[in-house]
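Asks: I'd like to go over a predicted model; first the sequence, then the structure.
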Amino acid sequence: MNFTVMITTDLINYIKSFNWSRKVTQLHIHHTWKPDHSDYNGTNGIALQRSMKSYHVSAKGWKDIAQHLTLLPDGKWVTGRDFNTTPASITGWNEGAFCIEMLGNFDIGCNRFEGEQAEAMFSFCTFFAEYMKLDVKNDVKFHRDSPTAGKTCPGSSIDKEWFMNEINKRIENTALPAQNEEAWKFQAIDALASDGLINNPEEWKSKINDPMPVWTAMIILNRIYEKLSHK
Ligand SMILES: [Zn+2]
């Protein structure tokens, strides 16, 4: 895969149209540590990705760059390893993993995880967890969650509970409109039932999005007609 720089919305569209040949069951989160924010000049994302690849291939002996994506400090993304290929992410946990490296050193006292970089990360993770049907609590992992990691990765300044709460908040917010829509439909059922225009409101609620046969619609219309004409 050629390295490509993308903004978050383009990356999300790319992932939606990507032809997945493997099942992704985990999302892994790292920081690069080195390079860090001071190595990024706003335009050298691909050059940094190339140098990470050559380190991973030459010094580490891996077949490709380790990660599927690198998140730059300005919130842009660089594609890495083929998304259909297992990453070199966390020892023993790589099968089914999708691996993100956030460019920076987020150990306490070094770079800060904030602003456009943090916002892009939370937006993408929210989309990705929902799209891949991941359980945020169990399937989104920090490198340091592994007992054999021996690292602070993705950095001691990033509290995992805070990070996961930010994702969960966004997941709840994207779910709200759908819930409100259903609630509105239920209110209409309750109103029709209390006026005697339909029976068994709970049964109707259980089929809220099912199609309705013509005869049912006609019976309800006829009841409304009778009611309005005081028969
Ligand atoms: Zn790591």
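Replies: Cool, got the structure.
Asks: mind pulling up the pLDDT for Thr216?
Replies: According to the per-residue confidence, Thr216 scores 88 in pLDDT.
Asks: where's it relative to Trp33, distance?
Replies: Summarising the geometry, the distance separating Thr216 from Trp33, computed by Cβ to Cβ, to the nearest Å, is 64 Å. Just so you know, the C-beta spots here come from the backbone N, C-alpha and C atoms, and that holds for glycine as well.
Asks: same question for Asn13.
Replies: Asn13 is 30 Å from Trp33, where distance means Cβ to Cβ.
Asks: look at those two and report which has more neighbours.
Replies: The residue with more neighbours, out of Asn13 and Trp33, is Trp33; 19 against 11, by other Cβ atoms under 10 Å.
Asks: pull the number of nearby residues for the spatially closest residue to that one that is not a sequence neighbour.
Replies: What sits nearest to Trp33 in space, not counting adjacent residues and going by Cβ to Cβ, 6 or more residues apart in numbering, is Asn105, at 4.9 Å. A count of neighbours around Asn105, defined by other Cβ under 10 Å, yields 21.
Asks: outside of stretch 16-34, which residues touch it?
Replies: Identification of contacts with stretch 16-34 by Cβ atoms under 8 Å, 6 or more residues apart in numbering yields 52, 67, 70, 83-84, 86-87, 89-90, 93, 96-107, 113, 125, 128-129, 131-132, 134, 139-143, 153-155, 158, 163.
Asks: would you mind trimming those to those in range of the ion?
Replies: When the contacts of stretch 16-34 are filtered against the ion using Cβ under 5 Å from the ion, the residues retained are His143, Cys153.
Asks: PyMOL command to pick out the buried ones of the contacts of stretch 16-34?
Replies: Selecting just the buried residues from these in PyMOL takes one command, with 16 or more other Cβ atoms under 10 Å as the test:
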select buried, resi 52+67+70+83+87+89+90+93+97+98+99+100+101+102+103+104+105+106+107+113+125+128+129+132+134+139+140+141+142+143+153+154+155+158+163
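Asks: can you flag which of the contacts of stretch 16-34 belong to strands?
Replies: Among these, the residues falling in strands (DSSP state E) are Thr70, Ala97, Phe98, Cys99, Ile100, Glu101, Met102, Val140, Lys141, Phe142.
Asks: using JSON lines, lay out those together with pLDDT.
Replies: Formatted as JSON lines, the entries for the ones in strands among the contacts of stretch 16-34 read as follows, by pLDDT from 0 to 100:
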{"residue": "Thr70", "pLDDT": "98"}
{"residue": "Ala97", "pLDDT": "98"}
{"residue": "Phe98", "pLDDT": "98"}
{"residue": "Cys99", "pLDDT": "98"}
{"residue": "Ile100", "pLDDT": "98"}
{"residue": "Glu101", "pLDDT": "98"}
{"residue": "Met102", "pLDDT": "98"}
{"residue": "Val140", "pLDDT": "98"}
{"residue": "Lys141", "pLDDT": "98"}
{"residue": "Phe142", "pLDDT": "98"}
